[in-house]
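Peer 1: everything below, folded, please.
(one chain, ligands or ions: 3)
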Amino acid sequence: MNIHLFPYKLAIVMVLSLAMLERLALPMQGGFAGRELNTLFIDWEESEQSHAFLPLVVRDFGGGQPTVTETPPVETATSTPEPTNTPTPTQTQTPTTTPSKTIVPGRWQEVGAGSAKGGGISQNDGSSGLPSLAIAPDGTPYVAWRDISGGDSEIYVRKFDGNMWVEVGEDSASGGGISNNGGASWYPSLDIAPDGTPYVAWQDDSNGNYEIYIRRFDGQAWVEVGTGSASDGGISNNGSASYVPSLAIAPNGVPYIAWGDDSTSDAEIFVLRYE
Ligand SMILES: [Ca+2]
Ligand SMILES: [Ca+2]
Ligand SMILES: [Ca+2]
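Peer 2: Ligands and ions are numbered 1, 2, ... in the order given. Here you go, the predicted structure:
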């Protein structure tokens, strides 16, 4: 406890803590109101808290009721350090590549722009139809179809290179295509061997009746699979109509072909494989 002597007559300006003000206000108002004082004794306890927030107190004890004016607390105990280093924003990097198209899972998506609208992947003026699709071991999709853009019906092939549908060898999807003959070439069936080699079988009437033809792409051109597999009697080689082949290649690379054949009056299913 400390005791301080202050010779004031009209007003006392003190810096006190809010706690001390409360302690002093009541006894001073009750004991000294209306009296002139030359001396005022004020007691308070020193504490760290009393210096933390110091209200300004003006009190008049000269002849009337004391008045009290208080200003908002001012924090004086600590100072806020000024930041020494203001971080400088780094240069914003502008993307240089166009974001890829957003893929929404659970929906059928185009395989390359326009693969399922407008000119599709055939992109020609002739009638295009009867597609057959297979996926290579590396994921590359191949499509074969029948097309009359070359004047008579031919077999065309394209594959998707990850960006667009391209020909597989020269003119595989223009002119005479991979059939390239004067007969009606129809109903292609496409499959991919385990080594990535595409094979296409189809029915063709270049021999005067429909036969089953087949070619494979050797990396340079579409070549026959065995002598005469895509000319004359083909692999069916009979006088009856042989049509709508179904091609599949075994895991060991052996191609199998089934087709319908009018060898009897009620038609039959034939199968061959190449070894
Ligand atoms: Ca077309
Ligand atoms: Ca043809
Ligand atoms: Ca035939």
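Peer 1: distance check, Tyr213 against ligand 3.
Peer 2: 11 Å (CB to the ion, to the nearest Å). C-betas here are computed from N, CA, C, even on glycine.
Peer 1: whoops, Gly182 was the one
Peer 2: In terms of CB to the ion, Gly182 sits 17 Å off from ligand 3.
Peer 1: assumed that residue was part of a helix.
Peer 2: No. Under DSSP: H, G, I helix; E, B strand; the rest coil, Gly182 falls outside any helix and is assigned coil.
Peer 1: the residue nearest to it when sequence neighbours are not counted: what's it in contact with?
Peer 2: Closest residue in space to Gly182, ignoring its immediate chain neighbours: Asp152 at 6.0 Å, by CB to CB, 6 or more residues apart in numbering. Contacts of Asp152 were listed using CB atoms under 8 Å, 6 or more residues apart in numbering, and they are 182-185.
Peer 1: quick check: the residue of the protein nearest ligand 1.
Peer 2: Ser128 (3.5 Å; CB to the ion).
Peer 1: leaving out chain neighbours, which residue sits closest to whichever residue of the stretch 51-200 of the chain sits closest to ligand 3?
Peer 2: Going by CB to the ion, ligand 3 is nearest to Gly183 of the stretch 51-200 of the chain, at 11.8 Å. Excluding the flanking residues, the one nearest Gly183 by CB to CB, 6+ apart is Ser206, at 3.0 Å.
Peer 1: what does the protein have sitting close to ligand 3?
Peer 2: 209, 211, 236, 238, 242 (CB under 5 Å from the ion).
Peer 1: is the last one in a bridge, and if so with what?
Peer 2: Read it as Ser242. Asp261 (DSSP bridges).
Peer 1: okay, now the domains of this protein?
Peer 2: Segmentation of the chain into domains, based on automatic domain parsing, reads 2-71, 128-273.
Peer 1: my read is that the residue of the chain closest to ligand 1 contacts Ile155, right?
Peer 2: No. Judged on CB atoms under 8 Å, Ser128 makes no contact with Ile155 at a distance of 11.1 Å.
Peer 1: who has more neighbours out of these two?
Peer 2: Just comparing Ser128 and Ile155: by other CB atoms under 10 Å the higher neighbour count belongs to Ile155, 33 against 19.
Peer 1: wait, that one touches Ser149, no?
Peer 2: No. With contact defined as CB under 8 Å, Ile155 does not count as touching Ser149 (11.6 Å).
Peer 1: in contact with the residue of the stretch 51-200 of the chain closest to ligand 3, which residues?
Peer 2: Counted by CB under 8 Å, 6+ apart, Gly183 has contacts 152, 204-207.
Peer 1: can you give me the distance of it to Tyr142?
Peer 2: 23 Å (CB to CB, to the nearest Å).
Peer 1: quick check: bridge partners of the residue nearest to Gly234 when sequence neighbours are not counted?
Peer 2: Take Gly234 and drop its neighbours on the chain: the residue closest to it by CB to CB, 6+ apart is Glu211, 3.7 Å away. Partner residues in beta bridges with Glu211, using DSSP bridges, are Asp204.
Peer 1: which ones are touching Glu211?
Peer 2: Counting by CB under 8 Å, 6+ apart, Glu211 has contacts 203-205, 232-238, 242.
Peer 1: apply 7 Å and report the result again.
Peer 2: 204, 233-234, 236-237, 242 (CB atoms under 7 Å, 6 or more residues apart in numbering).
Peer 1: what do you get for Ala221?
Peer 2: Gly169.
Peer 1: let's see 10 Å
Peer 2: 169-170, 172, 178, 215 (CB atoms under 10 Å, 6 or more residues apart in numbering).
Peer 1: of the residues you listed, closest to ligand 2?
Peer 2: So of those, ranked by how close each gets to ligand 2 (CB to the ion), first place is Ile178, at 10.0 Å.
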